[in-house]
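**Q** below is the sequence, then the predicted model.
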Amino acid sequence: MKPAVLILDDDHPTLELYTRELSDEYVVFPCSSIPEAIPLLTQEHLAAIVFEPAMENGEGWDFLQKLAEFCIPRHIPIIFCSTQDEHRAEIPPAAGKFLVKPVLPNQLAQTLKQILHQSSPKSKEISA
């Protein structure tokens, strides 16, 4: 069974590009709005989230705190892919990884693979 990944980005070409790249290895849930993504957070067993916090005219930054509060206790890593590097300090360190756009699809796939390997129970057993 493939791990599930939610991609939340309101730039449709980016959303399609990331979905195409990741769909061979993951079940991908592409969302272009926050209201579209909220039910998936609770209904799906997500392995990771790819999130552009600069979406929806800055409302993504407001949603960031709620997303982190949901993901961190559940150990769901977030990969932040954003054009707004100056906001990097607003990202809780435990939340995940921050990549500055443009992010190439293969770079995203590699980062996702790395972050999921680090958070998997097997890798924790090995490093313990």
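**A** Now that the structure is in, tell me what you want to look at.
**Q** ok, residues contacting the helix or strand hosting Gln110?
**A** Per DSSP states H and E, Gln110 falls inside helix 105-119. With C-beta atoms under 8 Å, 6 or more residues apart in numbering as the test, helix 105-119 has contacts from 3, 5, 17-18, 20-22, 25-26, 47-48, 50, 75, 77, 79, 81, 96-97, 99, 123. Yep, even glycine has a C-beta here, placed from its N, CA and C like the rest.
**Q** now that helix: average pLDDT?
**A** Mean per-residue pLDDT for helix 105-119: 90.
**Q** swap in stretch 5-16?
**A** 95.
**Q** OK, contacts around the nearest residue to Asp85 once chain neighbours are set aside?
**A** Closest residue to Asp85 apart from its sequence neighbours, by C-beta to C-beta, 6 or more residues apart in numbering: Val100 at 4.8 Å. With contacts defined as C-beta under 8 Å, 6+ apart, the neighbours of Val100 are Ser82, Thr83, Asp85.
**Q** roughly how far apart are Leu99 and Ile115?
**A** 11 Å (C-beta to C-beta, to the nearest Å).
**Q** which residues are common contacts for the two?
**A** Common neighbours of Leu99 and Ile115 (C-beta under 8 Å, 6+ apart) are Ile79.
**Q** need the contact partners of whatever helix or strand Pro39 lives in.
**A** According to DSSP H and E, Pro39 maps onto helix 34-43. With C-beta under 8 Å, 6+ apart as the test, helix 34-43 has contacts from Leu6, Leu8, Phe29, Cys31, Leu46, Met55, Glu56, Glu59, Gly60, Phe63, Leu67, Phe70.
**Q** the residue nearest the centre of the chain: what secondary structure?
**A** Closest residue to the average C-alpha location of the chain: Val50 at 2.0 Å, with C-alpha atoms, centre = their mean. Judged by DSSP: H, G, I helix; E, B strand; the rest coil, the three-state class of Val50 is strand.
**Q** got a list of what it touches?
**A** So Val50 contacts Val5, Leu6, Ile7, Leu8, Asp9, Tyr18, Ile78, Ile79, Cys81, Leu108, Leu112 (C-beta under 8 Å, 6+ apart).
**Q** who's it bridged to?
**A** Applying DSSP bridges to Val50 gives these bridge partners: Ile7, Ile79.
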